[in-house]
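**Q** Need the 3D shape of this:
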Amino acid sequence: MSKLKYALYTGCTARESTPELLKSTLAVAKKLDIEIVLLDEASCCGASHLQDFDDFLSLVLNARNICYAEKLDLPMITICNTCQLNTAMTKERLDSNPELKARVNEKLEEVGLVYKGSVSVRHFLYALIEDYGLENIKKKVVKPLSQFNIAPFYGCHNIRPSELHHKMNQTKESPYVPTSLDELIEALEGNSVDYEHKNKCCGFHVDLQAPKTSNVLTGNAIVDAFDNDADFMVTPCPLCHLNLDVKQKAALKTVNREAKLPVLHLPQMIGLALGCTPDELGIRHNVTEVDFV
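**A** Numbers count the residues shown, from 1 in each chain. The predicted model follows:
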């Protein structure tokens, strides 16, 4: 297999609120001999809120980020579900609408950039599955996760809308019965937990407007996984992680339940199986104690 190389769009959260996500992503890439180029000039994707106020600005902002990957002539990968949605949605709209693309490029010319639509945009999860391959990942496992029951939490924006997801990925994930995380857990020799809330919303994007509703959504997901004997949860989205991990106590209080369930980022889970150290994975940054490493 030839060496894989990607332009990594980190988004905001992995550099600030969840630095362990970026740290563990780079650690896993190193273990798998994947070359990562950070898009340090890129900016926020708008977090699925900017377009509500200025749709055109959102398009320009995300097109600008894609331009930096295009300048490197590298496929872009993301490590946040919401970043993936906004970036992929921008690509789809511009690639299918020459007039809109021309308007965006007129604005981008002011900063010396031009959007071409020449690179793919995928979440790291699907790049690993489609380019590296689950069988090849399995061969790299040095610490099987066979003693753990692992609850996958997919989040909304990586698998919905399904039409957009299917255009960006070879893996045609079902928004109702997703399997990618489950299959990855099994490749790492872990035991995947099936539970109702694994493909539900975590509540992050309603937190400011309706915090109680957000806490109920978060709490229900944690309780469902906990009641199905999960030892920990794993999510490919740092925004989901903020709710499930950082807000766990508040969410459980809202749904009147007691529980404690560690929540790992996708690369933290992979890194454990590949033999990365807790320090390499930034485990100390997790708010809910990860007491099994």
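**Q** Need the CA coordinates for the host helix or strand of Lys138. CSV is fine.
**A** Assigned by DSSP states H and E, Lys138 belongs to helix 134-139. Output of helix 134-139 as CSV, limited to C-alpha atoms (Å, rounded to 0.1, in the frame of the first residue of the first chain):
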residue,chain,number,x,y,z
LEU,A,134,-10.1,-2.2,8.2
GLU,A,135,-8.1,-5.3,7.6
ASN,A,136,-4.9,-3.3,7.5
ILE,A,137,-5.8,-1.5,10.7
LYS,A,138,-6.5,-4.8,12.3
LYS,A,139,-3.0,-6.0,11.4
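**Q** which residues sit against it?
**A** The contact list for helix 134-139 (CB atoms under 8 Å, 6 or more residues apart in numbering) reads Met1, Leu32, Leu128, Glu183, Leu184, Ala187, Leu188, Glu189, Ile270. (C-beta placed from N, C-alpha, C; glycine too.)
**Q** ditto for stretch 74-84
**A** By CB under 8 Å, 6+ apart, the residues outside stretch 74-84 that reach it are 5-11, 13-14, 21-22, 25, 37, 39, 45, 47-48, 66, 69, 87, 119-124, 127, 155-158, 168, 205, 236-240, 266-267.
**Q** which ones among these are found in helices?
**A** 21-22, 25, 66, 69, 87, 124, 127, 168, 238-240, 266-267 (DSSP state H).
**Q** And these, which of them are buried?
**A** Among the ones in helices among the contacts of stretch 74-84, those buried by neighbour count (16 or more other CB atoms under 10 Å) are 21-22, 25, 66, 69, 87, 124, 127, 168, 238-240, 266-267.
**Q** Please determine how far the nearest residue to Gly190 once chain neighbours are set aside is located from Pro278.
**A** Nearest non-adjacent residue to Gly190, counting by CB to CB, 6 or more residues apart in numbering: Leu145, 3.5 Å away. Leu145 is 15 Å from Pro278, where distance means CB to CB, to the nearest Å.
**Q** Ok, Asp245 next?
**A** 16 Å.
**Q** what does Gly133 give?
**A** Gly133 is 27 Å from Pro278, by CB to CB.
**Q** Same question for Phe232.
**A** 14 Å.
**Q** who's more crowded, the two?
**A** Phe232 (24 against 14; other CB atoms under 10 Å).
**Q** if we look at the strand or helix carrying Val234, which residues are touching it?
**A** For Val234, the element it lies in under DSSP H and E is strand 232-235. The contact list for strand 232-235 (CB under 8 Å, 6+ apart) reads 148, 150-155, 181, 185, 202, 221-222, 225, 241, 244, 261-266, 268-269, 290, 292.
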